[in-house]
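In: Next comes the sequence, and after it the predicted model I'd like to discuss.
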Amino acid sequence: EPEVTQTPSHQVTQMGQEVILRCVPISNHLYFYWYRQILGQKVEFLVSFYNNEISEKSEIFDDQFSVERPDGSNFTLKIRSTKLEDSAMYFCASQDGLAGDNEQFFGPGTRLTVL
Amino acid sequence: ELKVEQNPLFLSMQEGKNYTIYCNYSTTSDRLYWYRQDPGKSLESLFVLLSNGAVKQEGRLMASLDTKARLSTLHITAAVHDLSATYFCAVDVNNDMRFGAGTRLTVKP
């Protein structure tokens, strides 16, 4: 069964460093999302992406964040200068966009630790 | 601003009992999702509810949606230990998904 994959599973970085989190959505899906979940807290929406551009973003998604779909398969989240509070699980999700139920499929997540 | 509120946040129940988790949201939406998350794992889609009055059932879980009341419920019937997890509802407004805080369910033998 097709699934969303994410790499790396765990990323440790120093404060101020740039990180790129990678996702491979399900083939033929049209909508892509990034979420984060601080340990023990709820899932927070960051950004949605459709037709090679951001369709919605939350207040969390400030100038330090950017997304890209560089090659038609990968979907990346870049954090330019990481802060301690960026430590969280980051989930990518993809969605068909055409099927009636609009189900989102989540990847396994990347645990980002900022030291 | 879209707000999504779940209650209870913590639920401990005995096997065999029934209980309901509630999800209220503040803005008109006709798409509501329920997810399950096991500790340290990703989110597993349980239900997608698309219209007022929608009811879906899978095993011991049944979800419903009342768009007029802006309320969704997740009903657990005859709980078993395997249902122990955190359950999130999420509301989609124009591809902006907002999650509830989650209900941590513990089913005790």
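Out: Structure's in. What do you need? Numbers count the residues shown, from 1 in each chain, chains lettered A, B, ... in the order given.

In: Show me which residues of chain B are close to chain A?
Out: Where chain B comes near chain A, counting by C-beta under 8 Å from any C-beta of the partner chain, the residues are B:31, B:33, B:35, B:41-45, B:48, B:50, B:88, B:90, B:92, B:94-102. For glycine as for every other residue, the C-beta is placed from the backbone atoms N, C-alpha and C.

In: Rounded mean pLDDT for stretch A:53-73, please.
Out: When pLDDT is averaged over stretch A:53-73, the result is 91.

In: Buried ones among the residues of chain B next to chain A?
Out: B:31, B:33, B:35, B:42-43, B:45, B:48, B:50, B:88, B:90, B:92, B:95-102 (16 or more other C-beta atoms under 10 Å in any protein chain shown).

In: Which ones among those residues map onto strands?
Out: B:33, B:35, B:43, B:45, B:48, B:88, B:90, B:92, B:96-99 (DSSP state E).

In: Any chance of these in CSV with distance to residue B:62 and pLDDT as columns?
Out: As requested, those are exported to CSV (distance: C-beta to C-beta, whole Å; pLDDT from 0 to 100):
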residue, distance to residue B:62, pLDDT
B:33, 15, 93
B:35, 15, 94
B:43, 19, 90
B:45, 16, 89
B:48, 14, 91
B:88, 17, 95
B:90, 18, 93
B:92, 21, 84
B:96, 27, 77
B:97, 22, 81
B:98, 23, 88
B:99, 20, 91
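
In: Out of those, which comes closest to residue A:72?
Out: residue B:97 (23.8 Å; C-beta to C-beta).

In: count of residues packed around the closest residue to the closest one other than its chain neighbours?
Out: Distances taken as C-beta to C-beta, 6 or more residues apart in numbering or on different chains put residue A:45 closest to residue B:97, at 4.7 Å, once the chain neighbours are dropped. For residue A:45, the neighbour count with other C-beta atoms under 10 Å in any protein chain shown is 24.
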